[in-house]
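Student: Have a look at this prediction, sequence included:
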Amino acid sequence: MNVGILGGGQLARMLAGAGIPLGLNFTIVDPKADACAGALGRLVTADWEDDAAIEALAGCDRVTCDFENVPAAVLEALGQRTTVHPAARALAAGQDRLVEKRMFESLDIPVPPFAPVSSRPELLEALERIGYPAVLKTRRMGYDGKGQAVLRTVEDLEPAWQALGDHDLILEGFVPFDFECAITVVRSATGALSCYPLSRTVHQDGILRLAMAPAPGTDKLQARAERLGRTLAEHLDYVGCLTLELFAADGRLLANEFAPRVHNSAHWTIEGAQVSQFENHLRAVCGWPLGETAARGRSLMINWIGRMPERERLLACRGLHWHDYGKQARPGRKVGHATLTEADGQSLDTLMAELVPRLDDQSASLLTGLMNDSA
């Protein structure tokens, strides 16, 4: 079976890595000739809407995405010629933050207060209702901290407007969360659905830096998060993996956003779950039975941002699994990750303590903070 993927980044690379042992072949479309997934399949360098891209993917048995901002119209056109999962409707729902938040509200998925903003008067009116602090975001194309600004005082308004004011915007109330977490759901075309354990996540500058799973201290939240994820997946008639990012605050869960694709917060599943999110996404897309989502033990995933660290120094840490995406170094870019896995939390704590002195100061500080918070 030949699977087409719109987007050739690290998610497509890991999808292909999971699919090749299943006997799958891959056609990957990306506008960049150096897309890192190209090493694991046939790479077609083309814009999403080019005839070359459409024709290459229309000949595939299944088509999926590693990038949620592929134009929904492209998926609709492909859906007339081959089987596309997830469907255009699901991607469209995740491409506009205002549409997304209104959908959450309609499904009784709790969200922070929000308001659309298209002018300075609307921004001032929204701040009157929501108050400071708040976060001003572009409605489209914002990810990894891009397209957003935190408003703590009135002095922040003008710089934020200068940076973002030529876009359709949304203002969201700032959530004083206890911690962030994420639930990854996989659903088949027959409606079979399974959830991975909650990942506890740590972000810096809007970029995911750490994910720990099963998330300590979340036993009472797991069932609640699963209900929210199931509600969303069933509403969208979703096929494949999706992740719902959440704020945990005073025992409540508030939805931040969802990703209609495999997700960074569940990279730990490659080594840490019975069947990874990447394999399960492909099983769903191909119409095969889903695999077991239970954790093998306890895992920590750490992202490498900007450049890869010294490999030999980190590989000397027992229990560490290394993933280099084959991408050029660039500030703020996800270039790889590593995962620590152990049978239980106490053993993982020991490994994390051994890892801390091998990390750069920033990563070491974040990991130490997570260890202290989770103790």
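Tutor: Arrived safely, thanks for sending.
Student: So which residue is dead centre in the protein?
Tutor: For the chain, H263 is the residue whose C-alpha lies nearest the centre (CA atoms, centre = their mean; 3.2 Å).
Student: Now it: closest residue in space that isn't a chain neighbour?
Tutor: Spatial nearest neighbour of H263, chain neighbours left out: T243 (3.6 Å); criterion: CB to CB, 6 or more residues apart in numbering. Backbone N, C-alpha and C define where each C-beta goes, glycine included.
Student: does the one you found sit in a helix, a strand or a coil?
Tutor: Put simply, T243 is strand when judged by DSSP: H, G, I helix; E, B strand; the rest coil.
Student: Show me the strands in the stretch 251-375 of the chain, by range?
Tutor: Secondary structure of the stretch 251-375 of the chain (DSSP state E, counting those that start in this stretch): strands at 252-259, 298-305, 320-324, 334-342.
Student: wait, the residue nearest to H263 sits on N256?
Tutor: No. Judged on CB atoms under 8 Å, T243 makes no contact with N256 at a distance of 10.6 Å.
Student: The two - which one has more neighbours?
Tutor: More neighbours surround T243 than the other of T243 and N256, with 23 against 19 (other CB atoms under 10 Å).
Student: so who does the more buried one touch?
Tutor: A182, I183, T184, V185, F258, A259, V262, H263, S265, A266 (CB atoms under 8 Å, 6 or more residues apart in numbering).
Student: Mean confidence (pLDDT) on whichever strand or helix holds the third one, please.
Tutor: To tie it back to what came earlier, the one meant is T184. Per DSSP states H and E: T184 is located in strand 179-187. Strand 179-187 shows a mean pLDDT of 97.
Student: partners of whichever helix or strand comes after that strand, with directions?
Tutor: Sequence-wise, the next helix or strand downstream of strand 179-187 (DSSP H and E) is strand 193-195. Partner strands and pairing direction for strand 193-195 (DSSP bridges) are strand 179-187 (antiparallel).
Student: Between strand 252-259 and the strand it pairs with, find me the angle.
Tutor: 60 degrees (axes from the mean of the first three to the mean of the last three CA atoms, to 10 degrees).
Student: Check the offset of strand 179-187 from the chain's centre.
Tutor: Computed by CA atoms, centre = their mean, to the nearest Å, the chain-centroid distance of strand 179-187 equals 9 Å.
Student: helices and strands of the chain: which one bottoms out on pLDDT?
Tutor: When each helix and strand of the chain is scored by mean pLDDT, DSSP states H and E, helix 157-164 comes last, with a mean of 86.
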